[in-house]
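Participant: Show me how the following folds:
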Amino acid sequence: MSSYKNASKSRQKTHKERSQPQDRAHLGFLQKKKDYKARAEDYQKKQNTLKVLKRKALNRNPDEFYFNMVKTQKVDGVHKLKETTEPKFTETQLKMMESQDLRYVNFKRTTEHRKIEKLKSTLHLIDAEDKPKNKHTIFVDSEKEVKEFDPAKYFDTHPALLSRSYNRPTWKMLKEKEFFSQIDDDTVEQLGEERQKRYKELTKRIEREKQLKIIGEKMETKKHLMDRKAKKEKLADETKESAAQYVWAYKRKK
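Facilitator: Have a look, this model is predicted:
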């Protein structure tokens, strides 16, 4: 009898749920039974979770100690985490220390140092903004000469060019037309922009080499600290700008 029922069911027409009628298409997608079932199961799961959490909260001992008691403070009726101390590593340092080894860091630092030296040799830091200003002292014989002293006349140049510490043309050179025949304003402006671009690159590379040096020192210290048996004394804590300072006891090598 049961086999007959199963056979009759297999020949039945597959039931299909209707789609959204055309006149109700503006209301959006028509929810099917499978959609309702998934939504209902998710809702029941969340309700059960809330019941368990409420039960735990009611059964918890109010005098029980937990670490958030000392890690949080109440601000305007809301518990907030206390401000932590200043981190010992920057984000860039942590990423580099986790992904690269000491040998690679030293290699990159050496590469940056060579590029810095190459840039310095070409720029010479003639007109760098952070370069200390030089003083040109001129001695005279009397106070009258001090009052009547004219720097433009002394250097034989235009007053607008006195602030320049290099390539300061004299009046004779300015009067000669051949002096400016090979250089136009566009070329001078282009050369100035290129020089400023190189100064910015030099500043960035110096900062990058500094960060690589700090990372290398921290990794080197961490490597030495792996020897637990070695006697050592800590002199300074680790900061963003420097590694921790230790003094190791002298150990005689055989």
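Participant: going forward, measure contacts and count neighbours with C-alpha atoms only.
Facilitator: Fine.
Participant: Now do whichever strand or helix holds R55, average pLDDT.
Facilitator: Using DSSP states H and E, R55 falls within helix 33-59. The average pLDDT for helix 33-59 rounds to 94.
Participant: Just list the residues touching the closest residue to A243 other than its chain neighbours, thanks.
Facilitator: Nearest residue to A243 in three dimensions, chain neighbours excluded: K218, at 4.8 Å (CA to CA, 6 or more residues apart in numbering). K218 makes contact with S242, A243, A244, according to CA atoms under 8 Å, 6 or more residues apart in numbering.
Participant: any idea of the pLDDT on the last one?
Facilitator: For A244, the model assigns a pLDDT of 88.
Participant: ok, it touching E238?
Facilitator: Yes. Under the criterion of CA atoms under 8 Å, A244 makes contact with E238 at 4.0 Å.
Participant: Return whichever helix or strand M69 is part of as CSV; C-alpha atoms alone will do.
Facilitator: Assigned by DSSP H and E, M69 belongs to helix 68-71. C-alpha atoms of helix 68-71 as CSV (Å, rounded to 0.1, in the frame of the first residue of the first chain):
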residue,chain,number,x,y,z
ASN,A,68,36.7,45.8,33.2
MET,A,69,36.2,47.1,36.7
VAL,A,70,39.7,48.6,36.6
LYS,A,71,39.9,49.1,32.9
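Participant: Would you mind identifying the next helix or strand past that helix?
Facilitator: strand 72-75.
Participant: I'd like the mean pLDDT over that following strand, please.
Facilitator: 82.
Participant: mind listing the strands in the stretch 51-200 of the chain by residue range?
Facilitator: Secondary structure of the stretch 51-200 of the chain (DSSP state E, counting those that start in this stretch): strands at 72-75, 78-81.
Participant: what are the pairing partners of the last one, and which direction each?
Facilitator: Right, strand 78-81. Neighbouring strands of strand 78-81 in its sheet, by DSSP bridges, are strand 72-75 (antiparallel).
Participant: Tell me which residues are up against the strand it pairs with.
Facilitator: H79, K80, L81, K82.
Participant: Could you single out the nearest of the residues you listed to N61?
Facilitator: Distance to N61, by CA to CA, is smallest for H79 among these, at 19.2 Å.
Participant: I'd like the distance between the most centrally placed residue in the chain and L212.
Facilitator: Nearest to the geometric centre of the chain sits T92, at 5.6 Å (CA atoms, centre = their mean). Distance, T92 to L212, by CA to CA, to the nearest Å: 10 Å.
Participant: quick one on the thing from earlier: test for you: state the pLDDT assigned to the residue nearest to the centre of the chain.
Facilitator: Model confidence at T92, given as pLDDT, is 71.
Participant: which residues touch it?
Facilitator: By CA under 8 Å, 6+ apart, the contact list for T92 is empty.
Participant: so where's the stretch 101-250 of the chain uncertain?
Facilitator: For the stretch 101-250 of the chain, residues meeting the criterion pLDDT under 70 lie at 124-134, 160-168, 174-189, 191.
Participant: all helices for it, in order.
Facilitator: Applying DSSP state H, counting those that start in this stretch to the stretch 101-250 of the chain gives helices spanning 102-123, 143-147, 151-155, 171-175, 185-225.
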